[in-house]
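[1] need a 3D model of the sequence below.
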Amino acid sequence: MPTSINYIEFYCKDIQAIKSFYSKAFDWKFTDYGPEYAAFNDGVLSGGFDQIADMPEAANPLVVLYSDALEACLEKVKASGGTIVKEIYAFPGGRRFHFKDPSGNVLAVWSE
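    So this is what the prediction gives:
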């Protein structure tokens, strides 16, 4: 039986800050489920952010987003409050960068 990822969940320290970041950086829309949980759908994948006041530092899975305008995306991430942890670099099949969001989650964005 085939299995595929259809939802991804992140912990965050501040639900309003995380929603602000992702709406500014990637135009994501959110559905609130109480004051400490917000779901998103980026048009392909669904997921959510769960606010935890004493969020421990933990290794999260690396989620990789796609952009057809990598440099512009990097600038938008920085302008929205993200921190670049790996500048754009080449890898077999394309180029990508890694960033940290306001709650410390590390994600990547790639392009061909």
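[2] next helix or strand past the longest helix seen in the chain?
    Longest helix in the chain by number of residues (criterion: DSSP state H): helix 15-26. Using DSSP states H and E, the helix or strand that follows helix 15-26 towards the C-terminus is strand 29-32.
[3] and that following strand, what other elements does it pack with?
    helix 15-26, strand 37-41 (3 or more Cβ pairs under 8 Å, 6 or more residues apart in numbering; DSSP states H and E). All C-beta atoms are positioned from the backbone trio N, CA, C, and that covers glycine.
[4] the same query, at a cut-off of 7 Å, please.
    Secondary-structure packing of strand 29-32 (3 or more Cβ pairs under 7 Å, 6 or more residues apart in numbering; DSSP states H and E): strand 37-41.
[5] number of residues surrounding F97?
    21 (other Cβ atoms under 10 Å).
[6] assign it to helix, strand or coil.
    State at F97, reduced to three classes by DSSP: H, G, I helix; E, B strand; the rest coil: strand.
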